[in-house]
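A.B. asks: Pasting the sequence and the predicted model now:
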Amino acid sequence: MGKNNMAGSNDAQEQAFDEKAFEDLYRRMYPTLKKYAVYLVKDREEAQLLLNDVFISIWKNKVIPSNEKAYLFRAVKNASTNYHKKARVKLWHIDGEEETPEITDLKETPAQIFQNKDRNRMLYAFIDQMPERRRLIFYLYRIDGFSYKEIANLLDISVRTVEDHLVKGFQFLQQKVLKNESAFR
């Protein structure tokens, strides 16, 4: 195979990749793709994680396919298929174990689980209100576990800029949480 194994890519038909083209693609396609991902995985948080992975892959490969809409929808569909396969494998592994270790009842009550899910949804909604670049950096750091240096290299910015975005992001979240304190008790 050729150098580029991305589905839907053809060297003669690829658009030039630069930061502005990537941001434009992200801005145009993210809302629609998010709805599609939520529809496929039935979980808003997982859908956002899948979308982040798709856009990070595009960023790393530094290629924007000419038929970007078809490529992105296929990438989200493939990511959701992989998500469901992993979930099934985990269930099979647990069910297939001959000896299940005893689990003490330290789990949260259903009410606590529901309350924590609501809090997480609110936090993701607050994060979605951040400017796009800050939101991307925040997800890369907090969700995907990238270091400051890795994010700086990935986005071709300084480590100091990454720190600045994260500090402002955390301040923004702190303000939002304090305004909605009753939901976070």
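C.D. replies: Looks like it arrived, so ask away. Numbering: from 1, shown residues only.
A.B. asks: I'd like to know which helix or strand in the chain has the lowest mean pLDDT.
C.D. replies: Ranked by mean pLDDT, DSSP states H and E, the weakest helix or strand in the chain is helix 68-96, scoring a mean of 70.
A.B. asks: Tell me which other helices or strands whatever helix or strand comes next after that helix touches.
C.D. replies: Counting by DSSP states H and E, the next helix or strand C-terminal to helix 68-96 is helix 110-128. Helices and strands touching helix 110-128, by 3 or more C-beta pairs under 8 Å, 6 or more residues apart in numbering; DSSP states H and E, are helix 44-61, helix 132-138, helix 159-179. In this view, the C-beta of every residue, glycine as well, is placed from N, C-alpha and C.
A.B. asks: Where does the prediction get shaky in this structure?
C.D. replies: Applying pLDDT under 70 to the chain flags residues 1-17, 86-108, 184-185.
A.B. asks: care to break it down by domain?
C.D. replies: When the chain is parsed with automatic domain parsing, its domains come out as 7-101, 108-185.
A.B. asks: can you tell which of the helices and strands packed on helix 110-128 is closest to residue 147?
C.D. replies: For the helices and strands packed on helix 110-128, proximity to residue 147 was assessed by C-beta to C-beta; helix 159-179 is nearest, at 9.1 Å.
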